[in-house]
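Engineer: Just the structure for this:
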Amino acid sequence: MAGTAGRQDDRPPRDRADRAVRTVRAVERARHWRYEELPGVDLLRARYVHKTFVRHTHENFVIAAIADGVEVFHHGGSDVSAGAGALALVNPDTPHTGRAGVPEGWRYGAVYPAPEVVAAIAAETSTLRGTPGFVGPVLDDPATARLVHEVLRAAEEGNALAADTLLRAAVTRLLRLNGGTLPERRPRTAGARIAARARAVLEERMAEPPTLERLATDLGTSPFALLRAFRDSYGMPPHAWLTDARVRRARLLLDTGTRPAEAAVAVGFTDQPHLNRHFARIVGVPPGAYQRERNGVHGRANTQGRKNVQDSD
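Structural biologist: Residues are numbered from 1 along each chain as shown. Got it, this is the predicted structure:
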């Protein structure tokens with residue numbers, strides 16, 4: 001024991017301090033919750049170091065304000081990065097990934113407003129016509145980043161007036177600086193129509209999907225033609241889209257109180273560990289922690305149930 005203590009003391013103080021900082025930074029934490037006074041908006045605070053988000057989509061907008069570090073995410077065919085004071089912006093149903101861009105990872109706060117929430121704000125505060133959305137995936141604007149962090153702080157403190165006001169201010173500013181009209185998603189080609197039909201089949205048969213060959217045969221096309229058409233339309237192959245859709249549906253079941261193990265089987269995962277793995281890689285927290293926060297948060301601030309993202313459920 002004495003020898004070990006002596007070796008530790010022989011290290012320069014700066015080295016010991018650097019090691020302590022690295023240890024703190026290595027702790028990954030995330031909280032994914034809702035505040036009932038902000039309907040249609042999901043909230044997230046997180047620090048990730050080794051976390052890697054697989055290609056996935058969200059039904060809502062992603063407005064993520066980076067507090068420190070750097071996030072790199074694949075969006076629109078290339079990697080983009082967002083550092084401190086910048087915002088990562090993703091429109092609904094847009095495939096993207098996520099990972100650390102520096103060794104110490106990244107810390108951020110995010111709001112996920114539903115399309116109808118953004119549309120209502122746009123109708124009142126902008127001249128945009130059609131479906132509003134973001135033109136670029138990254139905006140370097142510390143002022144809006146601060147607004148996002150203030151929304152989260154107000155929600156945690158149970159300050160409904162401030163949370164609502166600040167959210168509207170943040171979305172209004174983003175639409176003014178980086179807003180545009182999203183293109184319509186109507187299938188215009190034969191391939192896109194086949195992809196839409198394939199998606200409908202996978203949604204209907206989520207728990208017991210057909211093979212690629214069977215799906216292609218039923219739709220009157222070849223497996224590779226279907227694969228190309230589906231990837232062109234939805235940004236990922238059918239099996240990856242199905243995993244993403246299963247996690248989305250599992251979230252809905254968890255929101256209604258379904259136990260994680262039951263939700264896993266209902267959406268087509270073999271068991272709860274299978275759900276845990278994919279859920280954490282897409283949502284950022286395990287399903288048990290997600291459910292505790294979502295079902296436990298009311299109109300007041302809630303600080304219970306925060307967990308390291310490595311904790312199992």
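Engineer: Based on its surroundings, how many neighbours for residue 188?
Structural biologist: Residues lying near residue 188 (other CB atoms under 10 Å) number 9. C-beta coordinates here come from the backbone N, C-alpha and C atoms, glycine included.
Engineer: no, scratch that, I was asking about residue 175
Structural biologist: 21.
Engineer: Could you report the neighbour count for the nearest residue to it once chain neighbours are set aside?
Structural biologist: Excluding its sequence neighbours, the residue lying closest to residue 175 (CB to CB, 6 or more residues apart in numbering) is residue 126, at 5.0 Å. Neighbour count of residue 126, defined by other CB under 10 Å: 14.
Engineer: For the protein, which segments count as helices?
Structural biologist: Using DSSP state H, the helices of the chain run over 2-10, 13-25, 115-125, 142-157, 160-178, 190-204, 212-218, 223-234, 238-255, 260-267, 272-282, 287-296.
Engineer: Turn these into JSON lines, including mean pLDDT and distance to residue 72.
Structural biologist: Conversion of the helices of the chain to JSON lines gives the following (pLDDT from 0 to 100; distance: least, CB to CB, whole Å):
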{"stretch": "helix 2-10", "mean pLDDT": "43", "distance to residue 72": "36"}
{"stretch": "helix 13-25", "mean pLDDT": "46", "distance to residue 72": "17"}
{"stretch": "helix 115-125", "mean pLDDT": "97", "distance to residue 72": "25"}
{"stretch": "helix 142-157", "mean pLDDT": "98", "distance to residue 72": "17"}
{"stretch": "helix 160-178", "mean pLDDT": "98", "distance to residue 72": "19"}
{"stretch": "helix 190-204", "mean pLDDT": "96", "distance to residue 72": "28"}
{"stretch": "helix 212-218", "mean pLDDT": "97", "distance to residue 72": "31"}
{"stretch": "helix 223-234", "mean pLDDT": "96", "distance to residue 72": "22"}
{"stretch": "helix 238-255", "mean pLDDT": "97", "distance to residue 72": "19"}
{"stretch": "helix 260-267", "mean pLDDT": "97", "distance to residue 72": "29"}
{"stretch": "helix 272-282", "mean pLDDT": "96", "distance to residue 72": "16"}
{"stretch": "helix 287-296", "mean pLDDT": "89", "distance to residue 72": "24"}
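Engineer: Just send the ones you listed back as TSV, with distance to residue 52 too.
Structural biologist: Formatted as TSV, those follow (distance: least, CB to CB, whole Å):
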stretch	distance to residue 52
helix 2-10	33
helix 13-25	17
helix 115-125	27
helix 142-157	23
helix 160-178	26
helix 190-204	25
helix 212-218	26
helix 223-234	21
helix 238-255	14
helix 260-267	22
helix 272-282	7
helix 287-296	18
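Engineer: Quick one: closest of those helices to residue 104.
Structural biologist: Checking the helices of the chain against residue 104 by CB to CB gives helix 13-25 as the closest, at 4.8 Å.
Engineer: Excluding covalently adjacent residues, which one is nearest to residue 269?
Structural biologist: Spatial nearest neighbour of residue 269, excluding adjacent residues (CB to CB, 6+ apart): residue 275 at 4.5 Å.
Engineer: if I pick the one you found, what's in contact with it?
Structural biologist: Residues in contact with residue 275, defined by CB atoms under 8 Å, 6 or more residues apart in numbering, are 247, 250, 260, 263, 264, 267, 269, 287.
Engineer: Might you report the residue contacts of the last one?
Structural biologist: If I follow you right, that is residue 287. Neighbour list for residue 287: 250, 254, 260, 263, 272, 275, 276, 279, 313 [criterion: CB under 8 Å, 6+ apart].
Engineer: how much space between it and residue 45?
Structural biologist: 18 Å (CB to CB, to the nearest Å).
Engineer: Next: the first one.
Structural biologist: For residue 247, the distance to residue 45 under the criterion CB to CB works out to 20 Å.
Engineer: what's around the closest residue to residue 98 other than its chain neighbours, how many residues?
Structural biologist: In this structure, residue 98 finds its nearest non-sequential neighbour in residue 53, 3.5 Å apart by CB to CB, 6+ apart. Look at residue 53: counted by other CB under 10 Å, it has 18 neighbours.
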